[in-house]
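Trainee: Quick check, what structure comes out for this input:
(one chain, ligands or ions: 1)
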Amino acid sequence: MSSASEPESPGRILVVEDDPEAAAYVLHVLRNRGGFDVTHIADPAAALARARAERWDLVLTDVEMPGMTGIELLEAVREITPQLPVAVYTAHPSVDYAVRALRNKADEFLEKPVRPDKLVETVAALVAKGRAAREAARQSVLAIGAHPDDVEIGAAGTLAMHRRLGHEVSILTLSRGARGGTEDTRAGESRKAAEVIGATLYHEDLQDTSIREGDPTIGVITRIVQAVRPTVIYTHSLHDVHQDHRNTHQAALVAVRQVGRVYCFQSPSATVDFRPTRFVAIDEQLDRKLEAIDAFASQVEIRAYLEPDLIESTARYWSRYCEGRYAEPFEVIREAAVAGQHELTPARGIVRGENGAGPAAPDRRTGPPRPAKEDHEDEHDRAPQPARPQAAELRGVPDGAR
Ligand SMILES: [Zn+2]
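Mentor: The predicted structure follows:
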């Protein structure tokens, strides 16, 4: 996982070069003049495996190599990590059509022999460019719930989807739920559920049924926000009969005021005013959601709202607003467009409702725009009718999954 707070080295460079003499020169210059952390691999296939398995700041590759050409390597690296810069260098810049193709695709194209200062300068610039792109594409998701199982019921499928796309996912559970079981049992269940989702769990110790909308709740959430640096937030809706849920919503909105994308999930205690406009198809994540909820075994026995058929049929119901058979619904508090970020809208992934197409965020107080309602219908007796979801699209692929 990347983090701006990590002290960063001048750069980890993977040099792919089958000619030992050329490799020795590049390694010498980059290490001694540039101070870079350089690894040399002669075999492009082995280099690709390393590119997949580790975090690098730059791949510097020769063009003509046995087994795999530089262009094949470049394309393969692009697939795995779109943000990782790739520089190509060759002694024969004009002869090969593949070289011309590389000119367009590579982040930098160098001709041998490369002067030492030019090499160091180019590599330093590419390292900086790659790091900036990586930070811009970073997606860190934080889901905030009042009690154990709140986040899982509301958003486990969507969180699992974020994980599948390589995003960092964290769950903050504010209380240990002493009123609903022994604290130790419920803490263990929360850990297990987070594991199923692939999330990092932050389990706080505010008092169940007495969670406040001001401090200490705001302070607790703020501390986790500073640690996680989320780009996406999921939390309770204000439209909920449970005071802990409403207060968590209010406190969270203060603590995450700098975060560009904020959504509210549905709890079993949501009121009919819960009015989602974003729907995430979770067909492939439903089993995982059920497994996460099943982790709360001590509760499943006594809580009807945790029963698998209810979870499933609720998800089945919400799918009427998007493509897919199962969905999770979200109210949109804020949806700032962030340039360069991976958008999570694969065909069967996150599909948005009527507000999802553009950066305009609905105002929570007035609510999202709704279609004109028919005269005989009361404000509350029907669910919102979003337009057909926008054609879904997957921009970018995860890079944090490694
Ligand atoms: Zn709750």
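
Trainee: Helix, strand, or coil at residue 141?
Mentor: What DSSP: H, G, I helix; E, B strand; the rest coil gives for residue 141 is strand.

Trainee: so it makes contact with residue 231?
Mentor: Yes: between residue 141 and residue 231 there is a contact at 7.4 Å, judged by Cβ atoms under 8 Å. C-beta: built from backbone N, CA, C; applies to glycine.

Trainee: more neighbours, these two?
Mentor: Between residue 141 and residue 231, counted using other Cβ atoms under 10 Å, residue 141 has the larger neighbour count: 25 against 19.

Trainee: quick one, what contacts residue 155?
Mentor: Residues in contact with residue 155, defined by Cβ atoms under 8 Å, 6 or more residues apart in numbering, are 143, 234, 265, 328, 330.

Trainee: what's the neighbour count on the second one?
Mentor: It refers to residue 234. There are 26 residues near residue 234, going by other Cβ under 10 Å.

Trainee: Please report phi then psi for residue 252.
Mentor: Backbone torsions for residue 252, taken as degrees, to the nearest 10, come to phi -60, psi -40.

Trainee: which residues does it contact?
Mentor: 144, 221, 233, 235-236.

Trainee: Apart from its chain neighbours, what residue comes closest to it?
Mentor: residue 235 (4.3 Å; Cβ to Cβ, 6 or more residues apart in numbering).

Trainee: Assign that neighbour to helix, strand or coil.
Mentor: Classified using three-state DSSP, residue 235 is strand.

Trainee: correct me, but it touches residue 141?
Mentor: No: judged on Cβ under 8 Å, residue 235 makes no contact with residue 141 at a distance of 11.5 Å.

Trainee: ok so, going back, report the two members of the contacts of residue 252 separated by the largest distance.
Mentor: Taking Cβ to Cβ, the two most distant members of the contacts of residue 252 are 221 and 236; they sit 11.8 Å apart.

Trainee: and the closest residue to the ion within the stretch 101-250 of the chain, helix, strand or coil?
Mentor: As assessed by Cβ to the ion, the ion sits closest to residue 147 within the stretch 101-250 of the chain, at 3.6 Å. Classification of residue 147 by three-state DSSP places it in coil.

Trainee: Contact partners for it?
Mentor: Neighbouring residues of residue 147 by Cβ under 8 Å, 6+ apart: 173-175, 177, 180, 208, 244.

Trainee: residues in contact with the residue nearest to residue 68 when sequence neighbours are not counted?
Mentor: Setting aside the residues directly before and after it, residue 68 is nearest to residue 44 in space (Cβ to Cβ, 6+ apart), at 3.8 Å. Counting by Cβ under 8 Å, 6+ apart, residue 44 makes contact with 16, 61, 65, 67-70, 72-73.

Trainee: roughly how far apart are residue 44 and residue 324?
Mentor: 40 Å (Cβ to Cβ, to the nearest Å).

Trainee: Please apply the same query to residue 59.
Mentor: Taking Cβ to Cβ, one finds residue 59 at 37 Å from residue 324.

Trainee: Could you give the secondary structure assignment for residue 201?
Mentor: At residue 201 the chain is in strand, as set by three-state DSSP.

Trainee: ok, it touching residue 173?
Mentor: Yes: applying Cβ under 8 Å as the test, residue 201 and residue 173 come out as touching, 7.0 Å apart.

Trainee: Now list whatever residues contact both of the two.
Mentor: In the contact map built from Cβ under 8 Å, 6+ apart, the residues linked to both residue 201 and residue 173 are residue 190.

Trainee: neighbour-wise, which of those two wins?
Mentor: Set residue 201 next to residue 173 and count neighbours by other Cβ under 10 Å: residue 173 wins out with 27 against 18.

Trainee: Surely the more buried one is in a strand?
Mentor: Yes: under three-state DSSP, residue 173 sits within a strand.

Trainee: For it, which residues are in contact?
Mentor: 145-148, 150-151, 190, 201-204.

Trainee: what does residue 304 give?
Mentor: By Cβ under 8 Å, 6+ apart, the neighbours of residue 304 are residue 310.

Trainee: What's the separation between it and residue 244?
Mentor: In terms of Cβ to Cβ, residue 304 sits 19 Å off from residue 244.

Trainee: Equivalent analysis for residue 71, please.
Mentor: Counting by Cβ to Cβ - residue 71 and residue 244 are separated by 57 Å.

Trainee: Pick out whichever of these two has more residues nearby.
Mentor: Between residue 71 and residue 244, counted using other Cβ under 10 Å, residue 244 has the larger neighbour count: 26 against 19.

Trainee: next one: the host helix or strand of the more buried one to chain centre, how far?
Mentor: Assigned by DSSP states H and E, residue 244 falls within helix 243-255. Mean C-alpha position of helix 243-255 versus that of the full chain (Cα atoms, centre = their mean, to the nearest Å) differs by 23 Å.

Trainee: following it, which helix or strand comes up?
Mentor: As assigned by DSSP H and E, the chain's next helix or strand after helix 243-255 is strand 261-265.

Trainee: orientation of that next one relative to helix 243-255 in degrees?
Mentor: 180 degrees (axes from the mean of the first three to the mean of the last three Cα atoms, to 10 degrees).

Trainee: Local confidence estimate at the nearest residue to residue 211 once chain neighbours are set aside?
Mentor: Nearest residue to residue 211 in three dimensions, chain neighbours excluded: residue 244, at 4.3 Å (Cβ to Cβ, 6+ apart). We have a pLDDT of 94 for residue 244.

Trainee: swap in residue 337?
Mentor: Note on residue 337: pLDDT of 62.

Trainee: Done for today, thanks.
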